[in-house]
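Participant: My questions concern the predicted model and sequence given below.
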Amino acid sequence: MEQETVATVPAKRPEESRAMKFLAAFTLTPILCFAFQDLGSKYGDWDWLTTGYAVWPMMIGPVLMLLLLVRNRELIRDAHRGVNFSQTIKIASCIFVLPNVFAAIGYSLLAVIPLFSCLTILVADWRLKKQARA
């Protein structure tokens, strides 16, 4: 009797699956913190849920995604191993560009660092694919 392994994230290889799980955590945690801060401060009258509770995870997420890209750059170079990872990390970095622009304008100029991290992810993905084709 043969057992079928079902992954929580559709991936072809175990290293891509592991990278996708980290990417999901780095993407969803800031979004959930932002939603929890908004609901808790509006309906729960919780004064300890400041704007920083939502903004800091939104600024840390892209930096962690950049580190994940650097660590798993072989998944992008080899199109057969990491197609899902490459597409998903580009989409996630695009999601974080606009909130970090607003964070840089309205909250702290430190949000320029994650903004540049998002742009670096987009450019690095393109460059790694270009180098792999050559």
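Facilitator: It's in. Residues are numbered from 1 along each chain as shown.
Participant: Check what pLDDT Ser117 gets.
Facilitator: Looking at Ser117, its pLDDT is 94.
Participant: helices or strands next to the host helix or strand of it in the packing?
Facilitator: Using DSSP states H and E, Ser117 sits within helix 112-133. In terms of contacts (3 or more Cβ pairs under 8 Å, 6 or more residues apart in numbering; DSSP states H and E), helix 112-133 is packed against helix 51-71, helix 73-77, helix 83-106. The C-beta positions use only the backbone N, C-alpha and C, and glycine is treated the same way.
Participant: mind saving the C-alpha coords of that helix as PDB?
Facilitator: The C-alpha coordinates for helix 112-133 follow below in PDB (Å, rounded to 0.1, in the frame of the first residue of the first chain):
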ATOM      1  CA  VAL A 112      12.600  53.000   3.100                       C
ATOM      2  CA  ILE A 113      14.700  49.900   3.900                       C
ATOM      3  CA  PRO A 114      11.800  47.400   3.400                       C
ATOM      4  CA  LEU A 115      10.800  49.400   0.300                       C
ATOM      5  CA  PHE A 116      14.200  48.900  -1.200                       C
ATOM      6  CA  SER A 117      14.000  45.200  -0.100                       C
ATOM      7  CA  CYS A 118      10.800  44.800  -2.100                       C
ATOM      8  CA  LEU A 119      12.400  46.400  -5.200                       C
ATOM      9  CA  THR A 120      15.600  44.400  -4.700                       C
ATOM     10  CA  ILE A 121      13.500  41.200  -4.700                       C
ATOM     11  CA  LEU A 122      11.800  42.100  -8.000                       C
ATOM     12  CA  VAL A 123      15.100  43.100  -9.700                       C
ATOM     13  CA  ALA A 124      17.100  40.100  -8.200                       C
ATOM     14  CA  ASP A 125      14.500  37.600  -9.400                       C
ATOM     15  CA  TRP A 126      14.700  39.000 -12.900                       C
ATOM     16  CA  ARG A 127      18.500  39.100 -12.900                       C
ATOM     17  CA  LEU A 128      18.800  35.500 -11.500                       C
ATOM     18  CA  LYS A 129      16.500  34.200 -14.300                       C
ATOM     19  CA  LYS A 130      18.500  36.200 -16.900                       C
ATOM     20  CA  GLN A 131      21.800  34.700 -15.600                       C
ATOM     21  CA  ALA A 132      20.300  31.200 -15.600                       C
ATOM     22  CA  ARG A 133      19.200  31.500 -19.300                       C
END
